[in-house]
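[1] Sequence and predicted structure, then a few things I'm wondering about:
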Amino acid sequence: MGSGVGTQLLGFLDSAEDRMLAMLEAFVSRDTQWSNPAGVEDLGRQVASHLSGLGFAIETVPQPRVEQERKWLADVLAPGVDYESLAATYVASRDGTGDDRVLLLGDLDTALSASEGRPFEVRNGRVLGSGVADMKGGLVTMLWALRALSELGILTPPLDIVLSGDEQAGSLGSSTVISRVAKGAPWTLCMECARDGGKYMISRGHIGVGRLDVSGKASHAGTDRAGGRSAIRELAQLIPAIDDLTSYDEGMLVTVTMVSGGTRRSVVPKDAMAIVDLRALDTAGWGTLMDRLQETVRPFDSVRLRADHHRPGVEPGAQAHYLVDSIRAHSECVGGFPGTTRSTAAGSSAFAAASGSAVLDGVGPPGGALMTDDEYVESKGMVERAALLGSLLHQLTRDRARADSDA
C-alpha cells in the first residue's frame with residue numbers, strides 16, 4: 001500500500017479515526033443481544049441508512065418459519081425465545097465495475113447485552129465495549145472503507161452486503177439469505193475481527209450441536225427408592241464418554257455444555273437432558289465424529305440422540321489463497337502482513353463457502369476476548385483494515401480470468 005490507491009485510502013481514513021470511533025460508540029450503546037430483536041433491527045436500520053447514502057439498494061428479509069424437524073434445534077440455539085421473532089436479515093446491493101460480484105458479510109447481533117458487556121471505552125489504543133470485536137468494529141470498518149472509496153472516486157466491483165440478525169442464535173434464518181446471495185458472488189469477505197494480533201481466517205470449523213434425552217423411571221425417593229431408575233445417574237455415566245470423544249490431534253472438540261433433569265427434590269428423576277457442542281475441522285471430520293458419537297450412545301437404550309450441523313466448515317481453496325496473496329501485497333504500509341490462521345469457531349462465512357464462493361474471514365480489525373466483558377478491537381486497526389479492505393475491493397474490479405491466472 002505504498003502508493004496509489006492504498007496511500008489515498010490510508011490518508012483519508014487516518015483523518016477520519018475520531019469519526020470512526022464516534023460511530024462505533026453509537027453502535028455499542030445499542031442493546032443488540034440476539035434475544036432483543038428490536039435493538040438488533042434498530043442497528044440494522046442504522047447501518048442500512050449509511051449504505052443507502054452510499055448508493056446501495058436495501059432489502060429486509062424477515063425470519064422464515066423454522067421447519068418442524070429443526071424445532072428442537074431452534075429451541076437449543078435460542079432457548080426461551082420464539083426463533084421466528086428474531087431480527088430480520090438486511091441485504092444491500094450496488095452495481096460496480098468488473099465481472100464479479102463481491103459479498104461482504106456482517107453480523108448485527110451480539111452475545112452480550114449492552115448492560116452485560118463493558119461500556120464503550122478507548123484505553124491505550126484499544127476500544128472496549130459490548131460486541132466491539134464480534135462484530136461492531138467490523139461494521140464500522142466496512143462502512144468507512146466504502147465511504148472512503150466513494151469520496152475518493154475509486155472504482156469498486158458490484159457489491160452485495162448481508163447483515164445477519166440471528167448469527168449468535170445459529171443463523172437458521174440468515175443462512176438461506178447468505179447462501180442465495182453467495183451463489184452470485186465469487187468472492188466473500190467476512191467482517192468479523194481478526195485473530196491472534198491481526199491474522200486472517202482461511203478456514204472455519206464444521207459446527208453442530210447435539211441433544212441427549214434420557215428416560216428413567218420416577219419413584220418416591222423415600223418410600224420406593226428401589227422402584228425408580230434415575231435418568232440423571234444414567235446421563236452422568238454417559239457424559240465422560242461423550243467428552244472423551246474430543247481429539248485435539250484430529251481437530252474434534254466435543255463438550256457437554258448444559259445439563260438438566262428431575263422435577264422434585266423427593267422424586268427419583270425420570271428425565272434428564274444434556275446439550276453437546278460439536279466441532280470438527282471439515283465435513284469429513286464431522287462424519288467421523290458422528291460415527292463415534294452414535295457408537296458411544298448406542299449401548300444406552302434409554303438415551304435418544306439428536307444432532308445437527310447448523311454451520312458447515314470453510315475450507316480454503318485456490319481462490320481463497322488469491323485473496324490472501326492480494327491482501328499481503330497491500331500490507332507493507334500497515335506494518336506488514338500478519339499471517340493467516342484456522343479457526344474451529346463458527347461464522348456466517350460458512351454458508352457462503354458452501355455455496356461455492358471463495359471466502360476470506362477475519363477482515364475486520366484485530367481484536368479478542370470475544371463474548372466477554374474484556375472484548376476489544378484495536379483503534380488503529382480499524383483504520384488500517386478499512387484501507388486494506390478498500391484496496392482489495394478496488395483490485396477485485398479486475399476480471400475473473402486474470403484472478404484465475406494469478407491464483
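    Yep, that arrived.
[2] Let me know the helix or strand that residue 75 is in.
    Here residue 75 is covered by helix 71-77, with elements defined by DSSP states H and E.
[3] Would you point out which residue is most central in this structure?
    Centroid-nearest residue in the chain, with CA atoms, centre = their mean: residue 347, separated by 2.8 Å.
[4] Pull the helix holding residue 75 out as CSV, backbone CA atoms only.
    What follows is helix 71-77 as a C-alpha-only set of coordinates in CSV (Å, rounded to 0.1, in the frame of the first residue of the first chain):
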residue,chain,number,x,y,z
LYS,A,71,-37.7,-27.1,16.0
TRP,A,72,-35.6,-28.9,18.7
LEU,A,73,-32.5,-27.2,17.3
ALA,A,74,-34.1,-23.8,17.3
ASP,A,75,-35.0,-24.4,21.0
VAL,A,76,-31.4,-25.3,21.8
LEU,A,77,-29.9,-22.3,19.9
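[5] which of the residues in it are buried?
    Neighbour-count burial for helix 71-77 flags 73-74, 76-77 (criterion: 16 or more other CB atoms under 10 Å). The way it works is simple: take the backbone N, C-alpha and C, and place the C-beta from them, glycine included.
[6] Make TSV from these and add distance to residue 107 to it.
    Formatted as TSV, the buried residues of helix 71-77 follow (distance: CB to CB, whole Å):
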residue	distance to residue 107
73	19
74	18
76	19
77	15
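[7] which two of those residues lie the greatest distance from each other?
    74 and 76 (7.4 Å; CB to CB).
[8] which stretch of helix or strand covers the spatially closest residue to residue 296 that is not a sequence neighbour?
    Among residues not flanking residue 296 along the chain, residue 241 sits closest, at 5.1 Å (CB to CB, 6 or more residues apart in numbering). Using DSSP H and E, the element containing residue 241 is helix 231-243.
[9] Which positions within that helix qualify as buried?
    231-232, 234-235, 238, 242.
[10] which one of those residues is nearest residue 18?
    residue 242 (50.6 Å).
[11] now the strands for the stretch 201-350 of the chain?
    206-215, 219-220, 253-261, 267-268, 271-280, 303-311, 340-343 (DSSP state E, counting those that start in this stretch).
[12] if we can go back for a sec, can you redo the buried residues of helix 71-77 as TSV with pLDDT and distance to residue 220?
    As requested, the buried residues of helix 71-77 are exported to TSV (pLDDT from 0 to 100; distance: CB to CB, whole Å):
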residue	pLDDT	distance to residue 220
73	95	35
74	96	36
76	94	32
77	94	36
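[13] Closest one of the residues you listed to residue 15?
    Using CB to CB, residue 77 is the member of the buried residues of helix 71-77 that sits closest to residue 15, with 42.4 Å.
[14] hang on, the earlier thing: so for residue 18, which of the strands of the stretch 201-350 of the chain sits nearest?
    For the strands of the stretch 201-350 of the chain, proximity to residue 18 was assessed by CB to CB; strand 340-343 is nearest, at 30.7 Å.
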